[in-house]
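A.B. asks: Have a look at this prediction, sequence included:
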Protein chains: 2
Amino acid sequence: MTDLLITNARPMGGAKADILIKDGRIADMGENLTADGVAVEDAGGRIAIPGLVDAHTHLDKSLLGYPWYVNTVGPRLIDKIDNERAVKREYGLDAHVQSMRQSLQSVGYGTTLIRTHVDIDTDQGLVALEGVMETRRQLAGVVEIEIVAFPQSGLMRRPGTAELLDKAMEMGADLVGGLDPCGMDRDPKGHLDTIFAIADKYGKGIDIHLHEGGELGAFSMEMIFERIRAMGMQGKVAVSHAFCLGLPDWNVSQALIATCAELDVPIFTTAPPSREVPSLKRLHAAGVRFGAGVDGFRDTWGPYGNGDMLERAMLLGMKNNLRRDDELAMALDVCTTGGALAMDRPAHALEVGGRGDVVLVEGESVGEAIVTHQPRKLVVTAGNIVARDGASLRARP
Amino acid sequence: MTDLLITNARPMGGAKADILIKDGRIADMGENLTADGVAVEDAGGRIAIPGLVDAHTHLDKSLLGYPWYVNTVGPRLIDKIDNERAVKREYGLDAHVQSMRQSLQSVGYGTTLIRTHVDIDTDQGLVALEGVMETRRQLAGVVEIEIVAFPQSGLMRRPGTAELLDKAMEMGADLVGGLDPCGMDRDPKGHLDTIFAIADKYGKGIDIHLHEGGELGAFSMEMIFERIRAMGMQGKVAVSHAFCLGLPDWNVSQALIATCAELDVPIFTTAPPSREVPSLKRLHAAGVRFGAGVDGFRDTWGPYGNGDMLERAMLLGMKNNLRRDDELAMALDVCTTGGALAMDRPAHALEVGGRGDVVLVEGESVGEAIVTHQPRKLVVTAGNIVARDGASLRARP
């Protein structure tokens, strides 16, 4: 069943309208719609928004379902990475089970589209990828999952990883990942040449984690730009985090942002309060595609988060000092339609012809819905009802 | 009734213990306590923490109970201040009703001690002060409320305000407030001399809002330090926000922090994600007293927030990039015992002899309690049960 008539909704907090979904797409929006034989849901005057889009997370590594993880990890990035591999072994963490748990929790919060980075390393090989791919199969029609093959433990510093990334793409990963070519791998040329070559071989895109701040991050961005130009990969290479775009030196950061616009480099943020981050308004003004994600949560990296992209819209608003209602709407766009656009899915919108992903949220206005992020009344993926009252209909393993 | 026996609790997430409160103070903590004729509450193994302390808020200005306020306000500080005065008139905002609403909502979240800044200006005179003082009277025994007489609309730039501040202190305000001596009042000498003189006249302390960033904020801090030294007001003058203490230039910010320690200047933060803020770890290392607050919320300034200081501990942790469980405990301390200490209340602690303010929270550990901030099971103020299951026992007006 991918047909559904939602009556008495307020699309984006505006005037009341019915929303008719047929064959998984929004077929009509307006007053007093009827459709013979189509199931009807009364929205009760609630606000309808598009499906939430979690454009940056790590489905394979949350510890959901386990007791609270007491974090005593050291301060360096490498401490966290090495600790995580050790904990995975100790727990016997099953990427399929964990990704099912997180995905279904996110569905309860109204997320209908996810881009996940999945760890590929010489310890565990491709087992996490297999687990998340199995989750993707089982949740088809419930939530769309896009997979980035992610060299979390480094690429050049761990021989054999490049071959595993290549194999991951052959198995069906959607994008090639990368990680801090300087800070992590100590060989930016080797790192970037390798991942661009794999992407080119499979005709796929790239999504690179770039935590490097300030001038170091700017240097890595420039090396990424050079390869996009040389290989004609405009629109195919995204950068996650991109803290360096938040550099206080306006001239440097503006040049980077302008080049992201010129080469169509989508940026994905998790809006961490503790870091300088790309400014929503600056990216918007420059025309850079921009999405957001919850990042990993309840894992060995840190305790915060729960998978709720409506709460993430609030954090994005707080980080960007957005106070006006029209600004809050911009934050929600990044977490829905804008984020999907950054993932090359232009039809993820609450409009006729758009994908039939609809979430009913509580509040007088979109602003209140974001700020209070109360349990979602109803979540619909391509016309299928997948969650009610804050919980996915399918039980978590 | 200010005697209460809480059984089967886990103080600070540790081993199970009973907590006996007599005459509003913690009389005993340990296993298998008994007390004839004293009411008993079974904590069911939940974590007990001290009463939460909201050390910086604005009880007189939330719009709780009103429809969602659609914010279209301009970007400058003065836009927000002028808009607020206009909206207050338009709504006929009653500071007593609004402060009752906010205080009782906060009690539901486990807050038992509040420091509120109350607007004093030549438009509304002392009416907001009278309203909040009435709330303080009505909520005696439920939540302690400390009042700062706050020149929100400026002091030197609005003649007559100094006289109103003086009158406010005579009426029973606890501290003299101030606001951006340079940025707002354009006369740092006049502003600071005036508020220090009023504080001196009444033998009271000061709590100054200082949003000024960078070198400007550092300059105002130095002018504050000079007056503390000259008037011997060590330990009596606090600074709220103090964004300049987050100056990236380590030498400048460290000198300011060291002087805060030397002159015993407590710092209060709201941990805004969008600003540079004083670092929890740096203040802690320097021995500076440090508290936190929810600031104004759901008002004409901005939409975020709800009064929950356990959620604020999470935001404080996120802002300071605290990931380890021992670090999360530091954030909770700032929002409980440490914040009270910064308000000169050293006995606000979960220990024998401490004030009988206890909150039962959900979670396996303090870290989980902070991160998930689920509804509080029980809130006790000086031995009185004041809230259950997330809501104050006294209804909001």
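C.D. replies: Everything's here; your move. Numbers count the residues shown, from 1 in each chain, chains lettered A, B, ... in the order given.
A.B. asks: nearest residue to whichever residue of the stretch 1-150 of chain A sits closest to chain B other than its sequence neighbours?
C.D. replies: Chain B sits closest to A:W68 of the stretch 1-150 of chain A, with a gap of 4.2 Å, by CB to the nearest CB. Every C-beta, even on glycine, is put in place using the N, C-alpha and C of the backbone. Distance criterion CB to CB, 6 or more residues apart in numbering or on different chains; nearest residue to A:W68, sequence neighbours excluded, is B:E364 at 4.2 Å.
A.B. asks: mind listing what the one you found touches?
C.D. replies: A:67-68, B:13 (CB atoms under 8 Å, 6 or more residues apart in numbering or on different chains).
A.B. asks: That one sits in which helix or strand?
C.D. replies: Following DSSP states H and E, one finds B:E364 outside all helices and strands.
A.B. asks: Need phi/psi at it.
C.D. replies: Main-chain torsions, B:E364, degrees, to the nearest 10: phi -70, psi -30.
A.B. asks: Equivalent analysis for A:L33, please.
C.D. replies: Residue torsions, per degrees, to the nearest 10, at A:L33 are phi -70, psi 150.
A.B. asks: Go ahead and confirm it touches A:A9.
C.D. replies: No: with contacts counted by CB atoms under 8 Å, A:L33 stays clear of A:A9, the gap being 10.9 Å.
A.B. asks: Run through the helices of chain A in chain order.
C.D. replies: Assigned by DSSP state H, chain A shows helices spanning A:77-91, A:95-108, A:127-138, A:161-171, A:188-202, A:214-231, A:250-262, A:280-286, A:309-319, A:325-334, A:337-342, A:366-372.
A.B. asks: is it possible to export these to a markdown table including distance to chain B and mean pLDDT?
C.D. replies: Output for these, formatted as a markdown table (distance: least, CB to the nearest CB, whole Å; pLDDT from 0 to 100):
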| stretch | distance to chain B | mean pLDDT |
| --- | --- | --- |
| helix A:77-91 | 8 | 91 |
| helix A:95-108 | 13 | 98 |
| helix A:127-138 | 22 | 98 |
| helix A:161-171 | 26 | 98 |
| helix A:188-202 | 25 | 98 |
| helix A:214-231 | 11 | 97 |
| helix A:250-262 | 15 | 96 |
| helix A:280-286 | 11 | 98 |
| helix A:309-319 | 4 | 98 |
| helix A:325-334 | 5 | 97 |
| helix A:337-342 | 19 | 98 |
| helix A:366-372 | 5 | 97 |
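A.B. asks: Make CSV out of the ones you listed and add mean neighbour count.
C.D. replies: Compiled in CSV, the helices of chain A are given as follows (neighbours: other CB atoms under 10 Å in any protein chain shown):
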stretch, mean neighbour count
helix A:77-91, 15
helix A:95-108, 25
helix A:127-138, 20
helix A:161-171, 18
helix A:188-202, 19
helix A:214-231, 17
helix A:250-262, 17
helix A:280-286, 17
helix A:309-319, 27
helix A:325-334, 21
helix A:337-342, 25
helix A:366-372, 25
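A.B. asks: Tell me which of the ones you listed lies nearest to B:P248.
C.D. replies: Comparison of the helices of chain A against B:P248 by CB to CB identifies helix A:214-231 as nearest, at 10.5 Å.
A.B. asks: Show me which of A:L33 and A:A9 is the more surrounded one.
C.D. replies: Between A:L33 and A:A9, counted using other CB atoms under 10 Å in any protein chain shown, A:A9 has the larger neighbour count: 25 against 17.
A.B. asks: what's across from that one in the sheet?
C.D. replies: Beta-bridge pairing of A:A9 under DSSP bridges involves A:A17.
A.B. asks: and what of A:F150?
C.D. replies: Where A:F150 sits in a bridge, its partners, by DSSP bridges, are A:D119.
A.B. asks: number of nearby residues for it?
C.D. replies: 28.
A.B. asks: so it makes contact with A:D119?
C.D. replies: Yes: judged on CB under 8 Å, A:F150 makes contact with A:D119 at a distance of 5.9 Å.
A.B. asks: any idea how far A:R275 lies from B:M318?
C.D. replies: 10 Å (CB to CB, to the nearest Å).
A.B. asks: what sits against A:D121?
C.D. replies: Contacts for A:D121 (CB under 8 Å, 6+ apart) come out as A:85, A:151-153, A:158, A:161, A:164.
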